[in-house]
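Peer 1: Coordinates only, no sequence provided:
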């Protein structure tokens, strides 16, 4: 896609939208949208603004695109719902960026050489996203600070410039797998260490600006994007990485689908310029889109009682076992603008619009506690009703 001041659209993307007004979509057919990435992929925003598409029609178009993704994946023997752990952060799993010194690799294709080391070490039974990228940035002093405060070293090194460092970001890791990756990669001279990113940090926010989705791994199948003018019936590795050399098979689909629906978002605060990501997520479940910063969170008395009876362990871990419902609601409300929306769903039979978000609660005696909170979206009253947490 080429964007100029006049907005010129790639023809392959126009094709995706050209017949949408003629598509009949029933909301009852909607599957939960695990994630919708309008932060790193601007197509939905461009079409909404350039073509002047109103929220009700935009909702239908988002759902049609998601329906396409579900069907394309099914044709390749992949169930979209099985990809949750690669696309949605988990409270009890880990994420990390593994950092390599490109100057220690003789080949100019250092990313290819790094993947040759990483791919054999991934658990073939696991579903996860893999992102890659050079460590970019103008403020080199800040990047040095971030590395010093966050990086667990495998070997010492002299920092020269961040762009000489290459990262591989992996989510959905167990503690054991994370430790094993660090230990086994240490045998590779270019490996410097890893940056844990299970919790919010300056390092995690920085990496979210440098890492780009390479593939989504479902067991031994690697899902990735291909060109917009290539048929979705094909499966092709258009990258320079040797993805098939280690017992994996490739399943590919047009990049517009991969970029919007199958790309993991490394969590960071929702900066103003990226608020469109939340707007599109809400538009997927509602014809009424409002800024979540204007909403209040409500925790009803009966629901609070349910949480005390059924989720006391989770509340206790977050230091909330003795907290009243107003405090819990205000805590969740304070985290809204620092969170992304997942598991977007419209329940037609109950006319309920809901989504999940991940909430981190700081603790004085250890790492933050992470909770997934399910909220009902009520735009008419500008409220978010707590459904459950876990």
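Peer 2: Perfect, thanks for sending it. Since we're looking at a predicted model, the values are computed, not measured.
Peer 1: can I assume residue 354 is in contact with residue 345?
Peer 2: Yes: using CB atoms under 8 Å, residue 354 is in contact with residue 345, at 5.4 Å. Yep, even glycine has a C-beta here, placed from its N, CA and C like the rest.
Peer 1: and for those two, which residues touch both?
Peer 2: Any residue near both residue 354 and residue 345 by CB atoms under 8 Å, 6 or more residues apart in numbering counts here, and that gives residue 285.
Peer 1: so where's the stretch 1-150 of the chain shaky on pLDDT?
Peer 2: Residue ranges of the stretch 1-150 of the chain with pLDDT under 70: 1-29.
Peer 1: if you set the cut-off to 50 instead, what comes out?
Peer 2: By pLDDT under 50, the low-scoring segments of the stretch 1-150 of the chain are 1-9, 12, 18-24.
Peer 1: And the helices in it?
Peer 2: 11-17, 43-51, 55-75, 84-87, 110-118, 140-150 (DSSP state H, counting those that start in this stretch).
Peer 1: Which of the ones you listed sits closest to residue 285?
Peer 2: Residue 285 lies closest, by CB to CB, to one member of the helices of the stretch 1-150 of the chain: helix 55-75, at 7.8 Å.
Peer 1: Buried residues of stretch 103-120, list them for me.
Peer 2: By 16 or more other CB atoms under 10 Å, the buried positions in stretch 103-120 come out as 104-105, 110-111, 113-115, 117-119.
Peer 1: Same question for stretch 357-374.
Peer 2: Of the residues in stretch 357-374, 357-361, 369-374 count as buried by neighbour count, 16+ other CB under 10 Å.
Peer 1: okay if I get the residues you listed as JSON lines plus distance to residue 198, secondary structure and pLDDT?
Peer 2: Below are the buried residues of stretch 357-374 laid out as JSON lines (distance: CB to CB, whole Å; DSSP: H, G, I helix; E, B strand; the rest coil; pLDDT from 0 to 100):
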{"residue": "357", "distance to residue 198": "16", "secondary structure": "strand", "pLDDT": "94"}
{"residue": "358", "distance to residue 198": "11", "secondary structure": "strand", "pLDDT": "94"}
{"residue": "359", "distance to residue 198": "14", "secondary structure": "strand", "pLDDT": "93"}
{"residue": "360", "distance to residue 198": "10", "secondary structure": "strand", "pLDDT": "93"}
{"residue": "361", "distance to residue 198": "14", "secondary structure": "strand", "pLDDT": "91"}
{"residue": "369", "distance to residue 198": "12", "secondary structure": "strand", "pLDDT": "92"}
{"residue": "370", "distance to residue 198": "8", "secondary structure": "strand", "pLDDT": "93"}
{"residue": "371", "distance to residue 198": "14", "secondary structure": "strand", "pLDDT": "94"}
{"residue": "372", "distance to residue 198": "14", "secondary structure": "strand", "pLDDT": "96"}
{"residue": "373", "distance to residue 198": "18", "secondary structure": "strand", "pLDDT": "97"}
{"residue": "374", "distance to residue 198": "21", "secondary structure": "strand", "pLDDT": "98"}
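Peer 1: Let me know the closest of those residues to residue 293.
Peer 2: Scanning the buried residues of stretch 357-374 for proximity to residue 293, where the rule is CB to CB, the winner is residue 357, at 13.7 Å.
Peer 1: Without its sequence neighbours, what residue ends up closest to the closest one?
Peer 2: residue 339 (4.1 Å; CB to CB, 6 or more residues apart in numbering).
Peer 1: need the contact list for the one you found.
Peer 2: Residue 339 neighbours (CB under 8 Å, 6+ apart): 267, 270, 357-359.
Peer 1: Export the buried residues of stretch 357-374 as CSV, with columns for distance to residue 304.
Peer 2: Supplementary listing: the buried residues of stretch 357-374 in CSV, determined by distance: CB to CB, whole Å:
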residue, distance to residue 304
357, 19
358, 21
359, 16
360, 21
361, 16
369, 18
370, 20
371, 15
372, 17
373, 13
374, 15
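Peer 1: Just give me the closest of the contacts of residue 339 to residue 140.
Peer 2: Using CB to CB, the contacts of residue 339 come closest to residue 140 at residue 267, 24.6 Å.
Peer 1: now the closest one: how far from residue 211?
Peer 2: Counting by CB to CB, to the nearest Å, the gap between residue 267 and residue 211 amounts to 12 Å.
Peer 1: ok, now residue 123?
Peer 2: Remark: distance between residue 123 and residue 211 (CB to CB) = 20 Å.
Peer 1: These two: who's more crowded?
Peer 2: residue 211 (24 against 16; other CB atoms under 10 Å).
Peer 1: Next up, the contacts around the closest residue to that one other than its chain neighbours.
Peer 2: Leaving aside its sequence neighbours, residue 211 sits nearest to residue 131 (CB to CB, 6+ apart; 3.9 Å). Residue 131 is in contact with 168-170, 211-214, 264, 266, counting by CB under 8 Å, 6+ apart.
Peer 1: which of the residues you listed are buried?
Peer 2: 168-170, 211, 213-214, 264, 266.
Peer 1: give me the number of residues near the residue lying closest to residue 117 once chain neighbours are set aside?
Peer 2: Excluding the flanking residues, the one nearest residue 117 by CB to CB, 6+ apart is residue 188, at 4.9 Å. Counted by other CB under 10 Å, the residues lying close to residue 188 total 18.
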